[in-house]
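Novice: predicted model, plus sequence, below.
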Amino acid sequence: MSENGLYPGLNLGEAHDDAHLQAESTVFGFWVFLMSDLIIFGILFASYASYLDPIGLAGGPGPQDLFDVKSVAIQTAFLLFGGVAYGGVSLSVKYEQGRAKLILWLLICAVLGAGFLFFEIKDFISQAGEGGTPQVSGWLSSYWLLVGLHGFHVFSGILWIIAMIGQISTRGVDDVVKVRLSMLGVFWHFLDLIWVGIFSFVFLATLT
Amino acid sequence: MSGETSPIVGNLDWNVTPYTDLLKHVDSSTIVGAGAASVLVLGAIAGLVLFTYMRWWGPLYRNWLTSPDAKKIGIMYIALALVMLARGIIEGFVMRAHQAMALGTLAQKESGLVAPDHFAQLFSTHGTIMIFFVAMPLLIGLINFVLPQQLGARDMAFPVLNQVSLGLTAAGAGLIMISLLVGQFGTGGWTMYPPYTGKIFSPGEGVDYWLWAILISGMGSTLTGMNFAVTIFKERAPGMHLMRMPLFCWTSLCVAIMLIYAMPALTVSSVMLALDRYADFHFFTNAAGGNMMNYANIFWMFGHPEVYILILPAFGVFSEISSTYSGKRLYGYTSLVIASMSIAVISFTVWLHHFFTMGQSAGVNIAFGIATMIIGIPTGVKIYDWMATLWRGRVRITAPIVYLTGFFLLFVIGGLSGIILANPSIDYQVHNSTFLVAHFHNVIIPGVLYGMLAGIHYWFPKAFGFRLSETWGRRTALLFVGGFIFTFMPLYVLGLMGMPRRSPTFQNPDFMPWMYIAAFGGVLMLCALASLCWTFWTSYRNRRALAVPGGDPWNGSTLEWSTPAPVPEWTFPCIPRVKAREDWGETKRRGDPWRSPETYTDIEMPANTAHGLLIAGASFTLGFAMVWHIWWLAILGVLAIPGLVVLRGMRVIEPNIIPAAQVEEEDRRFRQQVASLPPATRADEETERNRGVPDLSEFAG
Amino acid sequence: MTKPNTGELNPQESAASEIKSYATGFIVSLLLTVGAFAALLSDLPSTWKIVLICVAALLQIIVHMRNFLHLSFSGGQSREDLLLVLFSVCLLAIMAGGTWYIMSDLGGRMHQASGSDAAMPEAPTR
């Protein structure tokens, strides 16, 4: 298909030839899957917007009562650093910098993701304590589903990272593992993209 | 249902089967319910006994259930769909029989064969089954079987994922089937609109059966779409440019695109409804800030592309058969490609026409009404293209051509009634009436059902090595055409007379003549179903006479006809180099198409695995446990699925290597056989002289 | 920095340029994020705040796709992926935009019936 059958950016370079051919269709397939996921998030964003009015709040607590900008900023920082840290994973696979370095970078990503989740769950608990449970209003239902689904994705990403660390230690960095690390990278950066949408539209734009 | 939820068996108890209903109260409705459950139980027992007696379990497991071969997966999809089709048609017949007896009076309002609640379950399961478990598996199965062969690929891009998709679809179908025996199905129609399907109005397990069947099989369909898209973009044989692909591949691409982008909407609406029901969320509770109209909005965002997911593969089939059976090149290839892609994209812009009457302002309705009328244009282009393909061709009136003719006549009527309904002000008059029921059956039956049956008839020899009986095929086709006309044309009239859809009873005696005609149509549909079964059976018995080992019984022009019938596991002994559109036809024109390849190499095929089967089992368990609130089992199911995926990820899986010598031996045997078989002319196509080697001098395509 | 890797480059040089690409992306994202939060806390009128936040979000999404996901029009696989993303965004715009169009229209009509002081709900005028 493409002249230089290389996977861009997350690519593995010419030295990893077989992995490359496989990567081309597998990672492309994963992109397609993520696009399907993108539609899910898109519909949830649109629904969130449609519930964001006095009727949707149904007399329950609103954004001003529940959202904590400082915590959102901390979560954003965790995810942004986590995204950049995956660059370390990609580069150490590509330039074969050794298994230890690779696992170290993966662990850094997982820890940053876990930090994000910690603050997000803390927010959810304090919002529930202030009467902001999803059972209160249509708006809160849509907020919890949208942000919760993103959090669930981050959680799955962390599990995936752990599974990859397991695979690297048992079967080594073979072609299949390389391809899976590329897909994990696309997934991990994709979560950052969704979060940019969430902190901009769900939190910041709602609070103005 | 009792009030308490047991920690062990959830809401299950002995009162959930139709037999307990029958014991409590004997009338025609409970007899029908218990009868249906008995058919399921007896059918399952008969299947178990047959498989055990014939010792088929081992071969079934080794050759089919664990096979990642797209061709076999396709056949299994179609088998699943045909079983579900039988249930769907029988349910349709019961509904027609019921309404033919449902004339109530003011004094005694209810009458008919089944109770109103039972009737509601019938139309809900009928719709759900026909859309999600007949039409979808039929087309996905056909694409699975045909697409890699037409593209010159050995398999799908992700064979094991393909197996998982089939497993998920089968798990959903299993949930629907078991609802016959354990508990009840929902009564909200195939769309399950809240608030009626919310917890307050539908507290039981019925809606949950629907939700989990849809969520599980919907996941399978999304993954399938992804698989098709990657296969088309990455696995084409060298030289097979996009504009050289057969039209069926193009429509498969459209289907893939729509599956990828439309199925998420269904997932979202179902998840929201599930959260409302299980966790007291308020997406669709108007009183608590929800908006039930948003369900209709999101559901139809999926639902309209779904309509075209169903119809486009049939368009692909009709493109192939109109060209092959008239011995001509397909007329207007490029226009058909453009029309298919336009339909795929425009289908995402029309969903509001399913709820014109929900209260939005006229401006919104008009915008979507216009978009709806626009989508009729590419469809019209296609009809003209196929007619032009047949024009002055040497048309053989085979069973697929009978289906095609029926499609021409009926689909255009259905399309026109659709254009009528696209006008919001007319829609206000006839919405929710049987006019609408007649309209969508009028596009879906001639479109999907005829198209898929024609496709099965056309490609059957490729799968099993023998043709289907043309005589019985034509009889089946004519019965389906006649059955459709008698069943659904009266519904147009009834709708205009004011008969609401989904009504278990009515008080207007003027409806009765039309009801009788429709019931007669239902009988014809049952006959068509019987005739379809008989076609398979009688062809199987005469398989020696109908065998076509040469592999090209219809003098076709696309790649899949270059291989033996039945097609070997590896499909192509070596991957073809494509030089033209309709490459096999070009090869025939150059003469001696069956020249053997110069060298043979080892072929890598994916190894058999039980992965799909295990995932199917886990997801069925998850769905069933969630329906009955058996939380511990549901948690096990949820943990099992990622657990299985991770376990598989840890292992290094070696592919199955087929040695070059074996490929060479079988391929040479095939080429010798072709050389020894007498070529069959067009006139002999339906006789025993057709051994799958066509008379090349007749090829004009 | 986003050109496809041809494998002919000196590995060290190539690694350095890629690290630079990640670093640039990181700094720009950080600035845009801080900018969006600063816009919220500023004294600007709320329309301006929303515009600034949206623009920052859009730019940041582009930066992520360019520097972290390495999508570009430069050809090969990255071009295919980018086209896929753009096609998805088009369809998403239809679906999300359509939802917003339909639901806000329905919502507007519901508000008028319950929220207006007039005894007779007015017909929407557009």
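Specialist: Perfect, thanks for sending it.

Novice: these two touch, right, B:Ile178 and B:Phe624?
Specialist: Yes. At 7.1 Å, B:Ile178 and B:Phe624 qualify as touching, with contact defined as C-beta atoms under 8 Å. Just so you know, the C-beta spots here come from the backbone N, C-alpha and C atoms, and that holds for glycine as well.

Novice: so between these two, which is more surrounded?
Specialist: B:Phe624 (25 against 18; other C-beta atoms under 10 Å in any protein chain shown).

Novice: check the gap between the closest residue to B:Ile75 other than its chain neighbours and B:Gly418 for me.
Specialist: Leaving aside its chain neighbours, B:Ile75 sits nearest to B:Ala463 (5.9 Å; criterion: C-beta to C-beta, 6 or more residues apart in numbering or on different chains). Using C-beta to C-beta, to the nearest Å, we find B:Ala463 at a distance of 34 Å from B:Gly418.

Novice: so between those two, which is more surrounded?
Specialist: Using other C-beta under 10 Å as the criterion, B:Ala463 and B:Gly418 rank with B:Gly418 on top: 21 against 18.

Novice: helices or strands next to the helix or strand of chain B with the lowest mean pLDDT in the packing?
Specialist: Taking mean pLDDT, DSSP states H and E as the measure, the helix or strand of chain B with the lowest value is helix B:18-24, at a mean of 88. Secondary-structure packing of helix B:18-24 (3 or more C-beta pairs under 8 Å, 6 or more residues apart in numbering or on different chains; DSSP states H and E): helix B:28-53.

Novice: mind listing what's buried in the helix it packs on?
Specialist: Neighbour-count burial for helix B:28-53 flags B:29-30, B:32-34, B:36-37, B:40 (criterion: 16 or more other C-beta atoms under 10 Å in any protein chain shown).

Novice: what's the answer for stretch A:118-126, then?
Specialist: Under the neighbour-count criterion of 16+ other C-beta under 10 Å, stretch A:118-126 has A:119-120, A:123-124 buried.

Novice: residues contacting that stretch, please?
Specialist: A:68, A:71-72, A:74-75, A:78, A:144, A:147-148, A:151, A:154 (C-beta atoms under 8 Å, 6 or more residues apart in numbering or on different chains).

Novice: for PyMOL, what selects the buried ones among the residues you listed?
Specialist: One line in PyMOL is enough to select the buried ones among those; burial here means 16+ other C-beta under 10 Å:
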select buried, chain A and resi 72+74+75+78+144+147+151+154
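
Novice: nearest to chain C among the contacts of stretch A:118-126?
Specialist: Of all these, chain C sits closest to A:Val72, with 8.3 Å by C-beta to the nearest C-beta.

Novice: thinking again about what came up before, out of the contacts of stretch A:118-126, which are close to chain B?
Specialist: When contact is defined as C-beta under 8 Å from any C-beta of the partner chain, the contacts of stretch A:118-126 meet chain B at A:Trp144.

Novice: and the contacts of stretch A:118-126, which of them are in strands?
Specialist: Per DSSP state E, strands hold no members of these.

Novice: in helices, which of the contacts of stretch A:118-126 fall?
Specialist: When the contacts of stretch A:118-126 are checked against helices (DSSP state H), the matches are A:71-72, A:74-75, A:78, A:144, A:147-148, A:151, A:154.

Novice: can I get these in CSV including pLDDT?
Specialist: As requested, the ones in helices among the contacts of stretch A:118-126 are exported to CSV (pLDDT from 0 to 100):
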residue, pLDDT
A:Ser71, 95
A:Val72, 95
A:Ile74, 96
A:Gln75, 96
A:Phe78, 96
A:Trp144, 97
A:Val147, 97
A:Gly148, 97
A:Gly151, 97
A:Val154, 97
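
Novice: re earlier: the least confident helix or strand of chain B: which residues count as buried?
Specialist: Of the residues in helix B:18-24, those buried (16+ other C-beta under 10 Å) are B:18-19, B:21-22.

Novice: biggest separation within those residues, which pair?
Specialist: Farthest apart among the buried residues of helix B:18-24 by C-beta to C-beta are B:Tyr19 and B:Asp21. That separation is 7.2 Å.

Novice: tell me the residue furthest from the middle of chain A?
Specialist: Within chain A, the residue lying farthest from the chain centre (C-alpha atoms, centre = their mean) is A:Gly59, at 32.5 Å.

Novice: quick one, helices of chain C?
Specialist: Ranges of helices within chain C are C:11-41, C:46-63, C:76-115, based on DSSP H.

Novice: buried residues in the shortest one, which are they?
Specialist: Read it as helix C:46-63. So for helix C:46-63, counting by 16+ other C-beta under 10 Å, buried means C:49-50, C:52-53, C:56-57, C:59-61, C:63.

Novice: how about the first one?
Specialist: Within helix C:11-41, the residues scored as buried using 16+ other C-beta under 10 Å are C:14-15, C:18, C:21-22, C:25-26, C:28-30, C:32-33, C:35-37, C:39-40.

Novice: again with the last one
Specialist: Applying a neighbour-count criterion of 16+ other C-beta under 10 Å, one finds C:76-82, C:84-85, C:88, C:91-92, C:94-96, C:98-99, C:101-103, C:105-107, C:110 buried in helix C:76-115.

Novice: quick check: mean pLDDT of the strand or helix carrying A:Ala100?
Specialist: Counting by DSSP states H and E, the element that carries A:Ala100 is helix A:99-129. Mean per-residue pLDDT for helix A:99-129: 96.

Novice: go on, stretch B:569-583?
Specialist: Computed over stretch B:569-583, the mean pLDDT rounds to 92.

Novice: with stretch A:179-188 instead?
Specialist: pLDDT averaged over stretch A:179-188 gives 93.

Novice: quick check: B:Gly186 is in a helix.
Specialist: No. B:Gly186: not assigned to a helix; according to DSSP: H, G, I helix; E, B strand; the rest coil it is coil.

Novice: is the residue of chain B most remote from its centre in a helix, a strand, or coil?
Specialist: Largest separation from the mean C-alpha position in chain B: B:Ala107, at 43.6 Å (C-alpha atoms, centre = their mean). Taking three-state DSSP as the rule, one finds B:Ala107 in the coil state.

Novice: check what pLDDT it gets.
Specialist: pLDDT recorded at B:Ala107 is 79.

Novice: got any ranges where chain C has weak pLDDT?
Specialist: C:1-13, C:111-126 (pLDDT under 70).

Novice: how does chain B divide into domains?
Specialist: B:1-55, B:56-199+B:207-547, B:548-609+B:653-701 (automatic domain parsing).

Novice: what's the most buried one of these?
Specialist: domain B:56-199+B:207-547 (a mean of 21; mean count of other C-beta atoms under 10 Å in any protein chain shown).

Novice: pull up the gap between the spatially most central residue of chain B and B:Leu85, please.
Specialist: In chain B, the residue lying closest to the centroid (C-alpha atoms, centre = their mean) is B:Ala135, at 2.1 Å. Separation of B:Ala135 from B:Leu85 (C-beta to C-beta) stands at 9 Å.

Novice: thinking again about what came up before, hey, least reliable of the domains of chain B by pLDDT?
Specialist: Among the domains of chain B, domain B:1-55 carries the lowest mean pLDDT, at a mean of 87.

Novice: now do that one: distance to the chain's middle.
Specialist: 27 Å (C-alpha atoms, centre = their mean, to the nearest Å).

Novice: again, but for stretch B:283-293
Specialist: Distance of stretch B:283-293 from its chain centroid, counting by C-alpha atoms, centre = their mean, is 33 Å.

Novice: ok and the residue in the stretch 551-700 of chain B nearest chain C?
Specialist: For the stretch 551-700 of chain B, C-beta to the nearest C-beta, closest residue to chain C: B:Val578, 20.6 Å.

Novice: contacts only, for A:Ile158.
Specialist: Contacts of A:Ile158 by C-beta under 8 Å, 6+ apart are A:110, A:113-114, A:117.

Novice: what distance do you get for it to A:Ser36?
Specialist: A:Ile158 is 22 Å from A:Ser36, by C-beta to C-beta.
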